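In: A structural model of the following input is requested.
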Amino acid sequence: MPKKLPNKKKKQIETLIYARADDVGYRTLSRPESSRFLDSLVEDTAVGGVLREYYPKENIRTYIKDGILNAYMKRFTNDALDGVSPTDTIQRLYGVSSSVIQQCTGKDARVSVSRSEDGRIFVVSGGTVLKWETALRKALELIAKETGLSIDGKTPEICLHLVVTNNSLTVADKEHITTALGAIGVKAIFCND
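Out: As a prediction, the model looks like this:
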């Protein structure tokens, strides 16, 4: 029976992986580069060597990727989204001042509702470029759930804050996303680009 990874060792390994991810610019790596980085962590005695004491070798890569590096990227995304303001975005995209009237919590913490001085309602939802559909779905689910958001039969304006998590987003990619969302009346702004 495998031993349980002590919290102290878990934290040490996490800290070491985060530092190495920062050193190599993990968020900017291509898929092949990311795969090589993961391989190096699995083979590293300070990471994979320690984890082999607690997990079967075939599970170490998955543990590092799903348990540590996904959290690393989530932290990066959250930090990027913390740096943007829904009201500033509404001012920039729609040219009106607004106030946040509802800030969601939990898994929907990146969704907010604002009302402009002229009475319009805006739903701003944050996420990553790779999962922009999730940010859109969360905004739409909130609108469907909160009946008071529609005014005179008009649904709220939707804007997505999308975090660029790697260097692979091209101008054409941005235009494609912006055009696709524009077809349904949704605006997007790209953060940390």
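In: can we go C-alpha only for contacts and neighbour counts from here?
Out: Noted.
In: flag every buried residue along the lowest-mean-pLDDT helix or strand in the chain.
Out: Within the chain, no helix or strand scores below helix 70-82, which has a mean of 88 by mean pLDDT, DSSP states H and E. For helix 70-82, the buried set under the neighbour-count rule, 16 or more other Cα atoms under 10 Å, comprises 72-73, 76-78, 80-81.
In: off-centre distance for stretch 27-44?
Out: Relative to the centre of its chain, stretch 27-44 is centred 20 Å away, using Cα atoms, centre = their mean, to the nearest Å.
In: return the set of buried residues in that stretch.
Out: 27, 29, 34, 37-38, 41-42.
In: same question for stretch 126-137.
Out: Going by 16+ other Cα under 10 Å, stretch 126-137 has these buried residues: 126-129, 132, 135-136.
In: what of stretch 10-30?
Out: Quick answer for stretch 10-30 (16+ other Cα under 10 Å): 13-14, 17-18, 21, 26-27, 29.
In: what is the subsequent helix or strand relative to the least confident helix or strand of the chain?
Out: helix 86-94 (DSSP states H and E).
In: list the helices and strands that next one packs on?
Out: Helices and strands touching helix 86-94, as assessed by 3 or more Cα pairs under 8 Å, 6 or more residues apart in numbering; DSSP states H and E, comprise strand 98-103, strand 111-116.
In: following element in sequence after the helix ranked longest in the chain, please.
Out: Across the chain, the longest stretch assigned as helix under DSSP state H is helix 7-24. Per DSSP H and E, helix 7-24 leads on to helix 31-43 as the next helix or strand towards the C-terminus.
In: give me the contact list for that following helix.
Out: 17, 26, 47-49, 60-61, 64-65 (Cα atoms under 8 Å, 6 or more residues apart in numbering).
In: likewise stretch 102-118?
Out: 81, 86-87, 96-101, 121-127, 138-139.
In: how about 10 Å then?
Out: 78, 81-82, 86-87, 90-91, 94-101, 120-127, 135-136, 138-139, 142-143, 149, 156-161 (Cα atoms under 10 Å, 6 or more residues apart in numbering).
In: ditto for stretch 48-68
Out: Contacts for stretch 48-68 (Cα under 10 Å, 6+ apart): 1-6, 9-10, 13-15, 17-18, 34-35, 38-45, 47, 69-72, 74.
In: that'll do, ta.
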